[in-house]
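Asks: Got a predicted structure here, sequence first:
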Amino acid sequence: MTNTAPQQSTAGHLLRWLIVIMMVYLLLVAVAMIGSGFKWASGGAEGAKQIFAFASNPIMGLVMGAFATALVQSSSTVTSVIVGLVAGGLPVATAIPMIMGANLGTTVTNTLVSMGHIGKKKEFRRAFSAATVHDFFNLMAVAIFLPLEIFTGYLSKTSEWLSTHLVGGESMSMKGFDFIKPLTKPLVTVFKDMFESLPGIWGGVALALLGLAFIFVSIIVLGKMLKVLMVGRAKMILHRAIGHGPITGITSGTLMTIAVQSSSTSTSLIVPLAGNGLFKLKEIYPFTLGANIGTCVTALLAATAVEGTHAIFALQIALVHLVFNVSAVIVIYGIPQLRVIPMITARRFAQMASRRKWIVFAYVAGLFFVLPAALIAITA
């Protein structure tokens, strides 16, 4: 009788890890399905360029990425979808602002979490500043690197160089990751055959939509399982690492986000701790930057599922996400004059918001939903 509980606990633990493995596999299959379905529906790369012509404006690509992420509350989901679209022929240049937008959109989650402290003025001020320092850092990153990309191609050229050296050039495609293809292709083929009878482009549309649904399911379930398995340990990392300097803070934010596969989860855990006064804003700040870097792992994982002529571009756009976030940390946090801007702005904004609560609701609704929706509607 005494051994029953430990045995059940071990069995439950193993079952959760099995589900994690299954969800990672489902994510790989889903990305391959989106790429395949998009190519099928668009008639190849040329069709893809026409379909996404409306997003060729970098500002609109940025807005689309931010709006999509704010709606689904997951940058991991949106970046995985973007990887799948690039695999289907979406130009990398079009996808880069969308990746930046996904970084912006993901900050809405911890801002919403901070509103749980809205009844207590001092707590709310601390929590809201801890949440919005992430927002203002990401806005600064876009303000610096979007114009830099437009005028110099910094992100596209750097990621192209990295992807070429990782897999040996475009002609070799993703040969280094060929072990993924035999695992995912059989199931992708099964679903492709299911929609073969649909007329025209609708088979490809159905395949891509089913892949999109699978991404949602895999990211949600993966997040829930990893929270149960890892959040307790992640909190231990959090308490040990924060307050031991910026390098340790960035590293712990990266590792924790990789562990729970969600920057929204890791940054949302930190906001209540800031609200309760356990950590100061200058200690929270580096941790959120690490979360930005850690969330790039999902897109890199998704890129390994891609096959065909566009596989190298799928890896490239995943690397764009990584290069963008690492570069932003180096430039903004590395230069003292720039480093303080997000903290000062977040503190002042939190002071205003704690006195006038309507500002909080106007900020969240306006920046993340109303403004992007209006811009998309105007240009549609």
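Replies: Arrived safely.
Asks: State the number of residues packed around the nearest residue to L104 once chain neighbours are set aside.
Replies: Excluding its sequence neighbours, the residue lying closest to L104 (CB to CB, 6 or more residues apart in numbering) is A66, at 4.3 Å. Any C-beta I mention is one placed from the backbone N, CA and C, and that applies to glycine too. Neighbour count for A66, taken as other CB atoms under 10 Å: 31.
Asks: Find me the pLDDT at I144, would you?
Replies: Each residue has a pLDDT score; the one for I144 is 96.
Asks: swap in V167?
Replies: 67.
Asks: again with G308
Replies: 67.
Asks: Output the contacting helices and strands for the helix or strand hosting L371.
Replies: Following DSSP states H and E, one finds L371 within helix 371-379. Here helix 371-379 touches helix 58-72, going by 3 or more CB pairs under 8 Å, 6 or more residues apart in numbering; DSSP states H and E.
Asks: and the helix it packs on with helix 371-379, angle?
Replies: 130 degrees (axes from the mean of the first three to the mean of the last three CA atoms, to 10 degrees).
Asks: mind checking how far helix 58-72 is from the chain centre?
Replies: In terms of CA atoms, centre = their mean, to the nearest Å, the centre of helix 58-72 is found 12 Å from the chain centre.
Asks: okay, it in CSV with CA atoms only?
Replies: Extracted as CSV, the C-alpha positions of helix 58-72 are listed here (Å, rounded to 0.1, in the frame of the first residue of the first chain):
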residue,chain,number,x,y,z
PRO,A,58,7.7,46.4,-43.4
ILE,A,59,5.4,48.4,-41.2
MET,A,60,2.4,46.2,-42.1
GLY,A,61,4.5,43.0,-41.6
LEU,A,62,5.4,44.3,-38.1
VAL,A,63,1.8,45.1,-37.3
MET,A,64,0.6,41.7,-38.6
GLY,A,65,3.1,39.9,-36.4
ALA,A,66,2.3,41.9,-33.3
PHE,A,67,-1.5,41.6,-33.8
ALA,A,68,-1.4,37.8,-34.4
THR,A,69,0.7,37.3,-31.3
ALA,A,70,-1.4,39.5,-29.1
LEU,A,71,-4.5,37.5,-30.3
VAL,A,72,-3.1,34.0,-29.7
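Asks: Renumber starting at 32 from here on
Replies: All right, first residue 32 from here; so that's helix 89-103.
Asks: Does it pack against any helices or strands, and if so which?
Replies: Secondary elements touching helix 89-103 (3+ CB pairs under 8 Å, 6+ apart): helix 106-118, helix 123-136, helix 152-183, helix 402-410.
Asks: Mind putting those helices into TSV with mean neighbour count and distance to L243?
Replies: Rendered in TSV, the data for these read as follows (neighbours: other CB atoms under 10 Å; distance: least, CB to CB, whole Å):
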stretch	mean neighbour count	distance to L243
helix 106-118	29	6
helix 123-136	26	15
helix 152-183	21	25
helix 402-410	14	18
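Asks: so which of these comes closest to Y56?
Replies: helix 106-118 (13.6 Å; CB to CB).
Asks: hey, where'd the helices end up in the stretch 232-381 of the chain?
Replies: All helices of the stretch 232-381 of the chain, identified by DSSP state H, counting those that start in this stretch, fall at 233-272, 277-291, 294-306, 312-325, 327-334, 342-359, 367-386.
Asks: Now do the same contact list for the residue nearest the centre of the chain.
Replies: Centroid-nearest residue in the chain, with CA atoms, centre = their mean: S106, separated by 2.8 Å. Residues in contact with S106, defined by CB atoms under 8 Å, 6 or more residues apart in numbering, are T100, A133, N134, G136, T137, S294, S295, T326.
Asks: same deal with Q382?
Replies: Q382 neighbours (CB under 8 Å, 6+ apart): R156.
Asks: again with F400
Replies: So F400 contacts F98, A101, L102 (CB under 8 Å, 6+ apart).
Asks: So the first one versus T140, what's the distance?
Replies: Yep, that's F98 we're talking about. 14 Å (CB to CB, to the nearest Å).
Asks: can you check L179 too?
Replies: 27 Å.
Asks: Next: W192.
Replies: W192 is 33 Å from T140, by CB to CB.
Asks: Of these two, which one has the most company?
Replies: T140 (23 against 13).
Asks: Leaving out sequence neighbours, find the closest residue to the more buried one.
Replies: Closest to T140 by CB to CB, 6+ apart is S295, at 3.9 Å.
Asks: and the one you found, how many neighbours?
Replies: Neighbours around S295, by other CB under 10 Å: 25.
Asks: for F318, same thing?
Replies: 30.
Asks: With adjacent residues omitted, what lies nearest to it?
Replies: Using CB to CB, 6+ apart, the closest residue to F318 is G284 (4.0 Å).
Asks: Does the one you found touch I324 like I think?
Replies: Yes: counting by CB atoms under 8 Å, G284 touches I324, with 7.5 Å between them.
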